[in-house]
Every structure is written in C-alpha cells, then in structure tokens.
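1. take this sequence and fold it.
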Amino acid sequence: QKFIDARANLHSHGIGSVRTKLLTMQNTPQRGKLSMMVKSQDFKDILAQVLQASGGLLSQDISAQDRVNSNPKLEKLVEILQQHFARAKACGEKSTRAIIF
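-> As a prediction, this is how the structure comes out:
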C-alpha cells in the first residue's frame, strides 16, 4: 500500500513527495514483508533513481531537499503569475497585483 501511495503522490504532488515517502520508509523501522522490500536491492535502486530525479541531489536530508524539489501545483502557480505580470507589462501598466489563496 505504501508503494501505491508513493506512485499516486508522484502524479499529484511531484517527485519531492515521493522522495519524502521513500526516505521515511527507509529510515523508519519496518516489519514483515515491507521490511524485506525496504532492504532489497530493487528498493535501493528505485530510491537512488528518485534521489537523482529530484535534482541530482543525493542527500537524504528530507526536510532541506524537499523544499527545493518541484511541485506541479507550485510550478503552475509560477507560470500563471509570470503570464499575469508579463501581460500587464505588455499593456503598459505600471503596477499590478495578484492575490494568492
């Protein structure tokens, strides 16, 4: 179930969320089959690929690196704001504002 959650997070929240989930699984004591999976070479290979995909940063510091990683919703917000301010500049407006909730 935890691997399914990680895959779903990849599509909805970006690679940073998956990175956090996998590192938490690795750093938290597991029991049963999950313990065997986390210790497997396949898990280590997946984790290495996720760490590389999250900016090529191999650090396993969850909190610091996840602030840097992309988030699809934040990327879209940046795109929308850039378009807003570019459009205002093209129209010759001296000032414009955006409110984000």
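2. give me the neighbour count for residue 38.
-> 18 (other Cβ atoms under 10 Å). Using the backbone N, CA and C atoms, a C-beta is placed for each residue, glycine as well.
3. could you identify the helix or strand that succeeds the helix or strand where it lies?
-> Assigned by DSSP states H and E, residue 38 belongs to helix 32-39. From helix 32-39 onward toward the C-terminus, using DSSP H and E, the following helix or strand is helix 41-53.
4. what packs against that following helix?
-> helix 15-27 (3 or more Cβ pairs under 8 Å, 6 or more residues apart in numbering; DSSP states H and E).
5. let me know the helix or strand that residue 10 is in.
-> With DSSP H and E as the criterion, residue 10 is inside helix 2-13.
6. just to revisit the earlier point, buried ones in the helix holding residue 38?
-> For helix 32-39, burial by neighbour count (16 or more other Cβ atoms under 10 Å) applies to residue 38.
7. so for it, mean pLDDT?
-> Mean pLDDT, helix 32-39: 85.
8. same check on stretch 42-52?
-> Mean predicted confidence for stretch 42-52 is 85.
9. repeat that for stretch 16-27.
-> For stretch 16-27, mean pLDDT rounds to 81.
10. if you count neighbours, what's buried in it?
-> 16, 17, 18, 19, 20, 21, 22, 23, 25.
11. so the second one touches residue 5, yeah?
-> No - assessed by Cβ atoms under 8 Å, residue 17 is found out of contact with residue 5, at 9.5 Å.
12. middle-most residue in the protein, spatially?
-> The centroid of the chain falls nearest to residue 16 when counting by Cα atoms, centre = their mean (2.0 Å).
13. how far away is residue 77 from residue 20?
-> 20 Å (Cβ to Cβ, to the nearest Å).
14. angle of the longest helix along the chain against helix 15-27?
-> Secondary structure of the chain read by DSSP state H shows that its longest helix is helix 72-90. Put simply, helix 72-90 runs at 160 degrees to helix 15-27, going by axes from the mean of the first three to the mean of the last three Cα atoms, to 10 degrees.
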